[in-house]
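Enquirer: let me see the structure of the following:
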Amino acid sequence: MSTINWTYKHFNELTTTELYDILWLRSRVFVVEQNCVYLDVDHKDQKSYHLLGMIENQLVAYVRILPPGLSFEEASIGRVLTNPDFRGNGYGIELMKLAIEKTLEQYHVKAIRIGAQCYLNKFYQDLGFVNSGDEFLEDGIPHIEMLLSL
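Expert: So this is what the prediction gives:
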């Protein structure tokens, strides 16, 4: 397992190359791999922080960290993904642990809410999130809101 180099930046600090890599990988995973036609670019990126995990100039893992009031009343972590070419190495767990830490440092909140794809429920439960609502469809994919209380 290679070591990931982590970068944490506000949208305005991203280079054009970093932004391209983010949008390319989000399209690869959320549009192509999940066969879901939806508009990924939703005007929330500009108000968010972005956590990128790189190995040798390749984006391996990514999340965006949204301030309270943007998607939910609480701060939120979204667009969580691991590059398909690097899955199975524990990078997703490392990514989420660091994302939780960064969210707490950035916003000094007592809770983080996410809209999780249902098939990842156990993954997020293992990180301390609990279901906080009923299942719902978002872009044809079953989701559930989950809350991490701190």
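Enquirer: wait, isn't Gln58 in contact with Pro84?
Expert: No: counting by C-beta atoms under 8 Å, Pro84 is not a contact partner of Gln58; they are 12.0 Å apart. C-beta here means a position set from N, CA and C on the backbone, and glycine is covered the same way.
Enquirer: next, show the common contact partners of the two.
Expert: By C-beta atoms under 8 Å, 6 or more residues apart in numbering, Gln58 and Pro84 have no common neighbours.
Enquirer: next secondary structure after the helix or strand bottoming out on mean pLDDT in the chain?
Expert: When the helices and strands of the chain are scored by mean pLDDT, DSSP states H and E, strand 136-138 comes last with a mean of 90. Using DSSP states H and E, the helix or strand that follows strand 136-138 in sequence is strand 141-149.
Enquirer: so what secondary structure elements neighbour that following strand?
Expert: Here strand 141-149 touches strand 111-117, helix 121-125, strand 130-131, strand 136-138, going by 3 or more C-beta pairs under 8 Å, 6 or more residues apart in numbering; DSSP states H and E.
Enquirer: looking at those, which is buried most?
Expert: Most buried of those, by mean neighbour count (mean count of other C-beta atoms under 10 Å): strand 111-117, with a mean of 21.
Enquirer: now stretch 44-52, how far from the centre of its chain.
Expert: Stretch 44-52 sits 10 Å away from the centroid of its parent chain (C-alpha atoms, centre = their mean, to the nearest Å).
Enquirer: can you give me the end-to-end distance of it?
Expert: Its first and final residues considered, stretch 44-52 spans 17 Å by C-alpha to C-alpha, to the nearest Å.
Enquirer: for stretch 66-75, same thing?
Expert: In stretch 66-75, first residue to last residue: 6 Å (C-alpha to C-alpha).
Enquirer: contacting residues around it?
Expert: Stretch 66-75 is contacted from outside by 44, 47-48, 65, 76-78, 103, 106-107, 109, 111-113, 115, 145, 147, using C-beta under 8 Å, 6+ apart.
Enquirer: one more time with 7 Å, if that's ok
Expert: 44, 47-48, 76, 78, 103, 107, 109, 111-113 (C-beta atoms under 7 Å, 6 or more residues apart in numbering).
Enquirer: nearest residue to the residue positioned nearest the centre of the chain other than its sequence neighbours?
Expert: Using C-alpha atoms, centre = their mean, the residue of the chain that lies closest to the mean C-alpha position is Val80, 2.5 Å off. Using C-beta to C-beta, 6 or more residues apart in numbering and skipping the chain neighbours, the partner closest in space to Val80 is Val63 (4.8 Å).
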